[in-house]
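1. here's my sequence, what's the structure:
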Amino acid sequence: MSLFSLSSRLVISRLLTKNRTNYCQIATALRPKKAKSTRKEAQYFSDAKKVRTVGGKGGDGCVSFLQLWCNERAGPDGGDGGNGGHIIFQASNDVRNFNHVGSVIRAPEGGIGTAMDCHGKNAKHTVVKVPIGTVVRNAKGVIVADLGSANLMFVAARGGAGGKGNRFFTTDRETSPRVCEYGPPGEDLSYTLELRSMAEVGLIGFPNAGKSTLLNALTRAKPKVAPYAFTTLRPHLGTVQYDDHVQLTIADLPGLVPEAHRNKGLGIQFLKHAERCTLLLFVLDASAPEPWNQYQQLMYELEQFGGSLASRPQLVVANKMDMPESASNYEQLQLLLKQPNILGISAKMGHNLAQLLSTIREVYDRHKAKEQADV
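-> Predicted coordinates:
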């Protein structure tokens with residue numbers, strides 16, 4: 001006989017279920033246990049690349065006449081040339097950016113034809129792996145391919161066909177042709193490769209706001225940290241892992257300056273980096289005079305750039321709270337900005353970073369749930 005009544009067992013079961021549900025909903029960020037790399041070379045993230053693709057030249061045909069011991073005029077036997085190779089972009093899970101993609105990609109040429117009807121060897125196609133979600137634009141800026149799933153391919157440049165040998169031109173009237181075809185060159189086209197999504201979280205702020213220091217404190221990335229403006233010229237990426245096996249990528253973007261939408265500073269290049277991030281994390285320097293003006297200027301640049309960039313999910317943090325003048329600025333910042341839950345952190349001292357990671361995950365999960373509901 002059970003020690004608990006039926007009603008008591010139902011209450012206990014509900015409590016356990018409720019506790020288990022709350023536990024599953026709360027994800028804790030795992031701090032990296034592995035030490036950072038000691039290599040001195042900085043690893044940048046390339047989210048856009050201009051490439052020139054050149055297809056392989058077709059092999060030349062051959063002019064040849066067969067001579068046998070019993071028949072010195074056995075007829076033409078020139079073989080055809082082989083086909084040149086294509087340039088193919090293939091979406092793959094093996095790569096994450098375009099650092100491995102060269103500026104000029106050339107496919108091998110086809111083999112030439114030889115005597116005794118020997119055809120030239122067809123060249124192998126050059127397959128270049130690109131990240132999933134790559135958008136390919138031609139020289140005019142028109143989207144010609146969207147590699148949104150694994151193993152999707154796009155033929156960027158076709159190789160030339162192999163030239164015909166003199167055996168091909170044999171007719172009833174012309175039994176001994178002395179002509180052949182040269183292999184035509186392959187296509188020579190230029191493209192721009194762009195990533196539709198670079199990271200889940202993008203750090204946005206003025207130069208020297210502490211974005212690189214924050215990425216250095218949250219992840220195993222090693223961006224350059226220095227006390228002068230425009231330390232970061234290219235995006236750096238780091239990964240945060242949670243205990244429910246979910247990984248979020250954080251991108252340290254170059255600093256934004258006023259009139260960036262008019263291409264001042266890094267300008268349009270910076271705004272395109274930010275456009276490829278799902279969540280925008282505004283990093284404000286709380287020790288600077290009137291830090292709320294930084295947020296207003298940043299929002300103005302995003303709105304002037306157009307598109308849906310200004311309406312992305314946002315999170316505002318006040319960095320450098322370890323400075324003496326930051327406390328009063330932080331209180332005024334909370335009153336003037338309409339953003340809820342403005343976090344005060346210190347990336348240098350490591351204050352309140354655990355709460356920041358939990359808030360990032362909460363906002364990201366809320367955005368994903370909204371996207372699934374809209375679909």
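
2. where does pLDDT dip in the protein?
-> The chain contains residues with pLDDT under 70 at 1-26, 34, 37-44, 226-233, 255, 257-270, 306-307, 340, 375.

3. helices of that one, start to end?
-> 6-25, 211-218, 267-275, 292-305, 326-336, 353-374 (DSSP state H).

4. E301 touches L256, doesn't it?
-> Yes: using C-beta atoms under 8 Å, E301 is in contact with L256, at 6.1 Å. C-beta here means a position set from N, CA and C on the backbone, and glycine is covered the same way.

5. ok, the residue of the chain positioned farthest from its centre to D117 distance?
-> In terms of distance from the mean C-alpha position of the chain, C70 ranks first, at 66.7 Å (C-alpha atoms, centre = their mean). Counting by C-beta to C-beta, to the nearest Å, the separation of C70 from D117 is 18 Å.

6. likewise for N71?
-> The value you get for N71 to D117, if C-beta to C-beta is used, is 16 Å.

7. okay, these two: which has more neighbours?
-> Taking other C-beta atoms under 10 Å, N71 and D117 do not tie; D117 has more neighbours (16 against 9).

8. now do the same contact list for that one.
-> D77, G78, G79, G165, R167 (C-beta atoms under 8 Å, 6 or more residues apart in numbering).

9. and the nearest residue to the second one once chain neighbours are set aside, what is it in contact with?
-> When you say that, I think you mean G78. Once flanking residues are discounted, G78 sits nearest to G165: 3.3 Å by C-beta to C-beta, 6 or more residues apart in numbering. Contact partners of G165, counting by C-beta under 8 Å, 6+ apart, are 61-64, 76, 78-81, 113, 117, 180-181.

10. could the residues you listed go into CSV alongside distance to L315?
-> Below are these laid out as CSV (distance: C-beta to C-beta, whole Å):
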residue, distance to L315
G61, 65
C62, 68
V63, 72
S64, 73
P76, 75
G78, 71
G79, 67
D80, 63
G81, 61
G113, 65
D117, 70
C180, 68
E181, 64
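
11. and those, which is closest to K129?
-> G81 (29.2 Å; C-beta to C-beta).

12. now the closest one: how far from G165?
-> Distance from G81 to G165, by C-beta to C-beta: 8 Å.

13. between those two, which contacts overlap?
-> G61, C62, G113, E181.

14. by neighbour count, which of these wins?
-> Sorting the shared contacts of G81 and G165 by how many neighbours each has (other C-beta under 10 Å) puts G113 first, at 31 neighbours.

15. one step back: roughly how far does the residue nearest to G78 sit from D77?
-> Taken as C-beta to C-beta, the span from G165 to D77 is 8 Å.

16. any residues in contact with both of the two?
-> Shared contacts of G165 and D77, counting by C-beta under 8 Å, 6+ apart, come down to S64, D117.

17. span of stretch 285-298 from start to end?
-> 13 Å (C-alpha to C-alpha, to the nearest Å).

18. buried stuff in it?
-> D285, A286, S287, A288, P291, W292, Q294, Y295, Q297, L298 (16 or more other C-beta atoms under 10 Å).

19. closest to H351 out of those?
-> A286 (11.7 Å).

20. wait, doesn't that closest one sit right on A318?
-> Yes: between A286 and A318 there is a contact at 4.0 Å, judged by C-beta under 8 Å.

21. who touches both of those two?
-> When C-beta under 8 Å, 6+ apart defines a contact, the residues bordering A286 and A318 alike are S326, N329, Y330, L333, G344.

22. and stretch 59-69, which residues are buried?
-> For stretch 59-69, burial by neighbour count (16+ other C-beta under 10 Å) applies to G59, D60, G61, C62, V63, S64, F65, L66.

23. ok, now how distant is the fifth one from K164?
-> In this structure, V63 lies at 11 Å from K164, with C-beta to C-beta as the measure.

24. same thing with the fourth one?
-> Spatial separation of C62 from K164 under the definition C-beta to C-beta is 9 Å.

25. next: the second one.
-> According to C-beta to C-beta, D60 and K164 sit 10 Å apart.

26. what touches both of those two?
-> G81, C180, E181.

27. neighbours around the first one, how many?
-> To tie it back to what came earlier, the one meant is G81. 32.

28. correct me if wrong: it contacts V63.
-> No: counting by C-beta under 8 Å, G81 stays clear of V63, with 12.0 Å between them.

29. list residues touching both of V63 and K164?
-> What both V63 and K164 touch, as defined by C-beta under 8 Å, 6+ apart, is the set C180.

30. I am finished for the moment; much appreciated.
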